[in-house]
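Asker: sequence and predicted structure are below.
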Protein chains: 2
Amino acid sequence: MKIAVDAMGGDYAPEETVLGAIEAVHAYSLDVVLVGEEIKIRRLLEKHGAAENIHIAVVHAGQVIEMHEHPAQAIRKKKDASILVATRLVKEGKCDAVVAPGSTGAAVSAALLGLGRIKGIERPCIATPIPSKKGITVLLDSGANANSKPKHLIEGAIMGSHYAKYILGINKPQVGLLNIGEEASKGNELCQATYPVLEQLKTISFFGNVEGRDIPEGTVDVVVCDGFVGNVILKFGEGMALFIIKLVKEAIKNSGFIAKLGALAVYPALKTLKKRLDFTEYGGAPLLGVNGSFIICHGSSKAKAIKNAIRVADELVVQDVVGHIRKSIEEEQVEQYDGEEV
Amino acid sequence: MKIAVDAMGGDYAPEETVLGAIEAVHAYSLDVVLVGEEIKIRRLLEKHGAAENIHIAVVHAGQVIEMHEHPAQAIRKKKDASILVATRLVKEGKCDAVVAPGSTGAAVSAALLGLGRIKGIERPCIATPIPSKKGITVLLDSGANANSKPKHLIEGAIMGSHYAKYILGINKPQVGLLNIGEEASKGNELCQATYPVLEQLKTISFFGNVEGRDIPEGTVDVVVCDGFVGNVILKFGEGMALFIIKLVKEAIKNSGFIAKLGALAVYPALKTLKKRLDFTEYGGAPLLGVNGSFIICHGSSKAKAIKNAIRVADELVVQDVVGHIRKSIEEEQVEQYDGEEV
């Protein structure tokens, strides 16, 4: 098992990506290939006593795509960008999966260009694990495709179901369609057209419509929605979590003496909570629907998030999630639906 | 000033609606007309010592629209439904505003049927105040229109701006377009088509694109989006808030002895926090764009929420928000945009 990591991606690269890779090879039985500026990476490996680690290789890439660049344009211009070189390693069979911190747009572009789509899939999507009362709810698409047609939600339902089954270990994952009412007739045109097809799919267990509150409630294991909606929810949720924890701290501060005394002991608990609500802790979000295992990490990923992402990338390969998706897409004859109507 | 309250609407009607009305007439200088089953309402007024209160009148309505009914169908069938009778009182000039707890769909249908749209407005929308770091962010549309075209977001931007100015007292409200990136070119087709028009409007102060995290952050005063997205966010936010508070309690419980001791004092603070995050506390959500002042309240509204909604209804009338919207819509020549493209 060899995981290619874009060592230059994200706000804390390459320090934290290199550190995450070192932690991963210590924790799991796999190899990591760090892709990026070789001199910098080797210097960091040396600094952390991993220069001679036989489970870590370095492949040089002379360019980096920055967060502010236009993803598709940058991918076209910078042929030697670390994310492209990492993706190529998988395409050429030299690595088994990619871990890509940094610009989501650049990662999606690199994956589409470098790996291509699974036959029958029109729009790959990003599956993000979100903490819920019952554990984890998978939200997809969370940002790859902002103008979904019914076909794309159908693809998402199938792919999300496999992710929940093989990576989260849920035996018969329940899939919900994110809507603004429970009845089949509710919602916007996209949902109304998608619902009856989801009901007919053979390879997933369709729960029906779910609403926004069902995501933290954990009513279903997989929530399918358009990428615009999913991305807005994700960022809103991150902001809300930080805001509420801030309010809790203020509420404690403004309480009486005993509360303040208790607060000293409560703060570590709040810190744990913050971590539980930190979506990045869960090991990145796989881009499902491309011909290969590809994990996208938050731009602000630190070593632990990188390490987790490497573990999830490993599981994606071991469980052959791409193969299972390929089989279902074929079985459901998803190509019968065109992108515009179903 | 006379506010018509649908006394039969919501999970706790008519007890809590009547109680809310009594509290409102004690707190503010206005009259309330309670619409619904007269005998039940009069009995409750008597029970709470308000049978002789000259600021409370009762108008009988023999039917009620239940939460589970199909809104538009129920409105057509039940001509004597309390929400329709209340709306008619405003239409006929006998009352100045409606307060409608209960089914949002029924309220919107009743308002459209009973009051009609402001000239130039194609889709009225629901403006919901959301707590943020800086105070309140107005989110609209939060559920009236699930298939928005650019024209509808433009209408929303103008209406939300007036609401923020006259009801929240913000001098030059900043209006943001909810999107999944900051640049003008980002997002789905709806946002891409809406952005350049918002830039040109003369009667609002357009900030540009905002993302999900900007809502709790309070980056702008008004956030404009499609009703599907707004409704999902609203319900997701409510669910998240409850979930996080539950996690905080658990985190405290699982901490050491001192934390538990402190927790006893922290719980009241958490309760206050829960209230601050309770969107219903803010006095309901106005339906903007109809020919009249119309406030929609959460189905689970209790007396305090009803009282707050009556206060906001009063302010809507005093500040002539409908008149200001009418003027801006005319000035911006909103009717030049058809519903499909801009």
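Answerer: Done, it's in.
Asker: is chain B contacted by the longest helix along chain A?
Answerer: Scanning chain A for the longest helix, with DSSP state H as the assignment, gives helix A:227-253. Yes - using Cβ under 8 Å from any Cβ of the partner chain, helix A:227-253 reaches chain B at A:227-229, A:231-248, A:251-252. The C-beta positions use only the backbone N, C-alpha and C, and glycine is treated the same way.
Asker: among those, name the buried ones.
Answerer: If you count burial by 16 or more other Cβ atoms under 10 Å in any protein chain shown, the buried members of the residues of helix A:227-253 next to chain B come out as A:227-229, A:231-245, A:247-248, A:251-252.
Asker: for the closest residue to residue A:7 other than its chain neighbours, phi and psi?
Answerer: Leaving aside its chain neighbours, residue A:7 sits nearest to residue A:36 (3.8 Å; criterion: Cβ to Cβ, 6 or more residues apart in numbering or on different chains). Main-chain dihedrals, residue A:36, degrees, to the nearest 10: phi 160, psi -160.
Asker: now do the contacts for residue A:236.
Answerer: Contacts for residue A:236 (Cβ atoms under 8 Å, 6 or more residues apart in numbering or on different chains) come out as B:212-213, B:215-216, B:233, B:236-237.
Asker: one more pass at 6 Å, please.
Answerer: Going by Cβ atoms under 6 Å, 6 or more residues apart in numbering or on different chains, residue A:236 touches B:212, B:215, B:233.
Asker: do residue A:63 as well
Answerer: Here residue A:63 is in contact with A:78, A:80-81 (Cβ under 6 Å, 6+ apart).
Asker: equivalent analysis for residue A:155, please.
Answerer: Residues in contact with residue A:155 (Cβ under 6 Å, 6+ apart) are residue A:121.
Asker: can we see that at 10 Å?
Answerer: A:117-118, A:120-125, A:140-141, A:145, A:148-149, A:224, A:288-289, A:325, A:328-329, A:332, A:334, A:337 (Cβ atoms under 10 Å, 6 or more residues apart in numbering or on different chains).
Asker: from the residues you listed, list the buried ones, please.
Answerer: Buried among these by 16+ other Cβ under 10 Å: A:118, A:120-125, A:140-141, A:145, A:148-149, A:224, A:288-289, A:325, A:328-329, A:332, A:334, A:337.
Asker: kindly identify which of the residues you listed also come near chain B.
Answerer: A:145, A:148 (Cβ under 10 Å from any Cβ of the partner chain).
Asker: filter the buried ones among the contacts of residue A:155 down to the ones in strands?
Answerer: Among those, the ones falling in strands (DSSP state E) are A:125, A:140, A:224, A:288.
Asker: checking residue A:209 next. Helix, strand or coil?
Answerer: In the three-state summary, residue A:209 is assigned as strand, counting by DSSP: H, G, I helix; E, B strand; the rest coil.
Asker: what's the spacing between stretch A:300-320 and its chain's center?
Answerer: 10 Å (Cα atoms, centre = their mean, to the nearest Å).
Asker: is any residue of that stretch near chain B?
Answerer: No - Stretch A:300-320 stays clear of chain B (Cβ under 10 Å from any Cβ), getting no nearer than 12.4 Å.
Asker: can you pull up the bridge partners for the spatially most central residue of chain A?
Answerer: Taking Cα atoms, centre = their mean, the centroid of chain A lies closest to residue A:285, which sits 0.8 Å from it. Here residue A:285 sits in beta bridges with residue A:296, as judged by DSSP bridges.
Asker: I'd say it and residue A:301 touch.
Answerer: No - the pair residue A:285 / residue A:301 is not scored as a contact, 11.1 Å apart, by Cβ atoms under 10 Å.
Asker: report the set of residues contacting both of the two.
Answerer: Counting by Cβ under 10 Å, 6+ apart, the residues touching both residue A:285 and residue A:301 are residue A:309.
Asker: excluding sequence neighbours, find me the nearest residue to residue A:74.
Answerer: In space, and not counting its chain neighbours, residue A:74 is closest to residue A:65: 4.6 Å by Cβ to Cβ, 6+ apart.
Asker: got the phi/psi numbers for residue A:56?
Answerer: Main-chain dihedrals, residue A:56, degrees, to the nearest 10: phi -120, psi 120.
Asker: list the contacts for it?
Answerer: Going by Cβ under 10 Å, 6+ apart, residue A:56 touches A:5, A:18, A:21-22, A:24-25, A:31-34, A:41, A:45, A:50.
Asker: for these, which one is nearest residue B:93?
Answerer: Closest approach between the contacts of residue A:56 and residue B:93, by Cβ to Cβ: residue A:5, at 70.2 Å.
Asker: surely the closest one is within a strand?
Answerer: Yes - counting by three-state DSSP, one finds residue A:5 located in a strand.
Asker: hmm, back to that, may I ask which of the contacts of residue A:63 has the most neighbours?
Answerer: Neighbour counts for those, by other Cβ atoms under 10 Å in any protein chain shown, peak at residue A:81, which reaches 26 neighbours.
Asker: gap between that one and chain B?
Answerer: From residue A:81 across to chain B, the span is 20 Å (Cβ to the nearest Cβ, to the nearest Å).
Asker: cool, residue A:144 as well?
Answerer: Distance from residue A:144 to chain B, by Cβ to the nearest Cβ: 11 Å.
Asker: list the contacts of that residue.
Answerer: By Cβ under 10 Å, 6+ apart, the residues touching residue A:144 are A:104-105, A:107-108, A:111-112, A:123-127, A:152, A:156, A:227, A:230-231, A:285, A:287-290, A:296.
Asker: ok so, going back, which one of the contacts of residue A:236 is nearest chain A?
Answerer: residue B:212 (3.2 Å; Cβ to the nearest Cβ).
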